[in-house]
Structures are given as structure tokens and as C-alpha cells.
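> Would you be able to build a 3D model of this:
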Amino acid sequence: MDMGVPSLFDQLVSRVVDTATSDDPLVRLDAALAVAAEAAGTGDRLLDHFVARARQADLSWTDIGARLGVSKQAARQRFADRTRPLVLPAGAEPDSRLRACLDRAGRVAQAVGTHHLLAGLLAEGVAAAILERLGVTTDAVLGAAHRLFGPPGPAPAGVPPMSAEATGALDAAAHHAVTAGPASPDPDVRTEHLLFVLALDAGGRARRVLNELDTDIAAIKRELACYVTGQPRRRASRWKRAAATGGRACSFCGRPETVAGRLVNGPGVAICGGCVALAAGILGPTAARPSTVD
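Alright, predicted model coming up:
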């Protein structure tokens with residue numbers, strides 16, 4: 001090794017010293033933790049990048065595993081989801097608002113995790129309105145992710161890969177759109193489905209970010225009540241549609257009158273109080289209010 005060129009370790013030590021706000025040992029330890037997390041993340045991204053290149057060159061998982069010193073199965077399990085483009089599971093399509101959110105998540109991530117999906121949800125839609133009402137912003141999400149998981153890497157040139165956790169969250173959101181939504185062969189997966197999954201996954205990175213921001217998870221569940229119900233499911237072997245309910249139901253959230261409460265009827269439609277309240281929150285205080293009829 002050229003003695004005139006500092007080693008990677010020396011470079012990292014210098015970075016800790018440069019980023020620490022003082023020479024206090026505990027302050028430097030905090031800086032070392034952040035630098036170590038960044039270095040570990042960079043190492044993972046480096047392997048992901050070149051494994052993806054190897055797959056694009058038609059190398060098999062057997063060949064890749066042999067070079068990494070692991071079995072074919074271990075290599076596939078470790079890298080398959082992380083080198084896959086950002087797509088939704090087959091059988092469900094994102095609506096336009098969720099697609100905009102996914103696009104934003106891809107622009108702020110080297111490899112998309114559930115915390116990036118959470119930041120992307122603030123682009124538009126029902127999820128954005130709910131999160132903003134609870135004081136959650138894009139800058140706050142990215143700041144909390146930085147504190148918890150280290151600084152982000154540089155933005156990728158192409159479509160970023162998606163982590164296994166993010167893949168599972170989108171899969172669960174698609175399953176939930178089918179089981180809790182209207183009986184349709186091609187259901188739309190909306191921002192509220194993804195927020196429901198992210199908020200209720202207690203061990204996920206998105207939920208850890210929400211906890212870091214002291215976000216009221218129960219309030220998210222209450223806000224989502226008009227749109228999604230039940231518990232998110234992961235990797236179900238078969239999708240089942242919810243049985244249709246009889247009687248009148250809200251035309252917007254689909255809940256029957258026995259659950260949603262009194263409905264306000266219009267020409268061919270009906271709306272429950274929860275949907276009225278959420279619509280008023282989305283439109284804001286400047287929205288026109290209906291006049292009182294004596």
C-alpha cells in the first residue's frame with residue numbers, strides 16, 4: 001500500500017473528527033456511530049450495485065453465490081429483492097396519486113426502504129392529508145431517518161432497487177386493497193392502503209420514524225377508518241375478496257350504514273360523517289361551507 005495515501009480507516013477517523021461538534025469523547029462517539037452506519041450502508045449499496053450488474057450480465061445465482069462464499073439460495077435470498085426495480089406486486093395497480101408518491105420515494109433514495117415510502121406518501125392524496133394534519137412533513141421524516149439510520153447515499157442515476165421490507169409493505173398494501181376494497185378484478189392500490197401498512201408495522205423503519213417524531217399512531221388509524229379496515233397481511237398465498245354487505249353504504253369509503261352511522265343521500269350517492277370530516281380537512285378552512293337550511 002502507498003504510505004502516502006491514507007487508508008479507508010484513517011479516512012473514516014478523519015471524517016469523525018471533522019463532523020464532531022467538539023472534542024468531547026461522547027460527542028465523537030455519536031459522530032462515529034453515524035459515520036459507521038453510513039459506511040455500512042455504503043458497503044451494502046456497493047454489493048447491491050455490483051450484484052445487480054452481475055445479474056444484468058446473465059450470471060446465475062450459483063456463480064454469484066460462489067464468488068460471495070455463500071450458497072445459491074443464500075445469495076438469492078440476500079439480494080433478489082434488493083436488486084429488483086421499484087414495482088407493485090402483480091394483480092393490483094397503483095392509482096395516480098400512489099404512483100406519484102412512489103416516484104417521489106424513488107427520487108430521495110439510493111435503495112428504497114419503508115421510510116422512503118413514508119416520505120413519498122407526503123406528495124399527495126389521502127395519506128398526505130392525514131400525515132400533514134398530524135404535523136408530519138417530508139423534512140421531518142428525512143431528518144428522523146437520518147438520525148435513526150445514518151445519512152442517505154447519493155441519488156441513483158436510474159430506477160433505485162427496493163428493499164425486502166419495502167417490497168413486503170407494497171405487497172401487503174396490494175393484498176389489503178383486494179380484501180378490504182370493492183370486489184374488482186383490478187383494484188386500485190391507494191395511498192391510504194400503504195399508510196395503513198406502514199403505520200401498523202411496529203418493527204418497520206417507517207413506523208420507527210413515526211415513533212421518533214412522536215406521531216400518534218392511534219390517530220392515524222382513526223383517520224384511516226373511513227378508507228381501510230382490519231389488519232394488514234403479509235404474503236398471503238391466495239387473495240380473497242371481502243363478502244359484499246347488504247343495505248345502504250357510503251359511496252366513498254364503502255362502509256355500511258350500520259357501521260358508518262347516518263348517511264347523507266344525494267342523487268345516486270351517499271356519504272357518511274367520517275368522509276365529510278376528512279373531505280373538509282383536505283379542502284382546508286377556505287373551502288366553501290354549505291348553507292344552513294331551515
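
> what about the stretch 101-250 of the chain, any weak spots by pLDDT?
Scanning the stretch 101-250 of the chain for pLDDT under 70 picks out the ranges 108-111, 152-160, 179-187, 229-247.

> Is the spatially most central residue of the chain within a helix or a strand, and which one?
By C-alpha atoms, centre = their mean, the chain has its centre lying nearest to L117, at 2.7 Å. Counting by DSSP states H and E, the element that carries L117 is helix 114-120.

> Summarise which helices and strands the next helix-or-strand element following that helix is packed against.
Using DSSP H and E, the helix or strand that follows helix 114-120 in sequence is helix 126-133. Judged by 3 or more C-beta pairs under 8 Å, 6 or more residues apart in numbering; DSSP states H and E, helix 126-133 is in contact with helix 96-107, helix 191-200, helix 217-224, helix 273-283. In short, each C-beta sits where N, CA and C put it, glycine included.

> what do you get if the cut-off is 6 Å, keeping everything else the same?
helix 191-200 (3 or more C-beta pairs under 6 Å, 6 or more residues apart in numbering; DSSP states H and E).

> okay but the residue nearest to the centre of the chain is in contact with A105, surely?
Yes - proximity of L117 to A105 meets the contact threshold set by C-beta atoms under 6 Å, at 5.1 Å.

> Who are the contact partners of D188?
Neighbour list for D188: D95 [criterion: C-beta atoms under 6 Å, 6 or more residues apart in numbering].

> Now do it against H116, distance only.
22 Å (C-beta to C-beta, to the nearest Å).

> same question, D58
Counting by C-beta to C-beta, the gap from D58 to H116 is 29 Å.

> name the helices or strands packed onto the helix holding L117?
Packed next to helix 114-120, using 3+ C-beta pairs under 6 Å, 6+ apart, are helix 96-107, helix 138-149, helix 164-180, helix 205-212.

> and with 10 Å instead?
Counting contacts by 3 or more C-beta pairs under 10 Å, 6 or more residues apart in numbering; DSSP states H and E, helix 114-120 is packed against helix 96-107, helix 126-133, helix 138-149, helix 164-180, helix 191-200, helix 205-212.

> ok, E124 - how many residues close by?
15 (other C-beta atoms under 10 Å).

> Report the contact partners of the nearest residue to it once chain neighbours are set aside.
Spatial nearest neighbour of E124, chain neighbours left out: R97 (5.1 Å); criterion: C-beta to C-beta, 6 or more residues apart in numbering. For R97, the contact set (C-beta atoms under 10 Å, 6 or more residues apart in numbering) comprises 121, 123-128, 188, 190-192.

> same deal with L278?
So L278 contacts 126, 129-130, 133, 192, 223-227, 252-253, 272 (C-beta under 10 Å, 6+ apart).

> what's the answer for T191, then?
94-95, 97-102, 120-131, 173, 227.

> Surely L102 is in contact with L118?
No - when contacts are counted by C-beta atoms under 10 Å, L102 is not listed as touching L118 (11.9 Å).

> Ends of stretch 199-214, what's the gap?
12 Å (C-alpha to C-alpha, to the nearest Å).

> which outside residues touch the helix or strand that contains T62?
Taking DSSP H and E as the criterion, T62 maps to helix 61-68. With C-beta under 10 Å, 6+ apart as the test, helix 61-68 has contacts from 47, 50-51, 54-55, 57, 59-60, 70-80.

> buried set for the next helix or strand after it?
For helix 61-68, the following helix or strand on the C-terminal side (DSSP H and E) is helix 72-79. By 16 or more other C-beta atoms under 10 Å, the buried positions in helix 72-79 come out as 75-76, 78-79.

> Check stretch 211-228 too.
Buried residues in stretch 211-228 (16+ other C-beta under 10 Å): 212-213, 215, 220, 223-224, 226-228.

> Having no further points to raise, I will conclude here.
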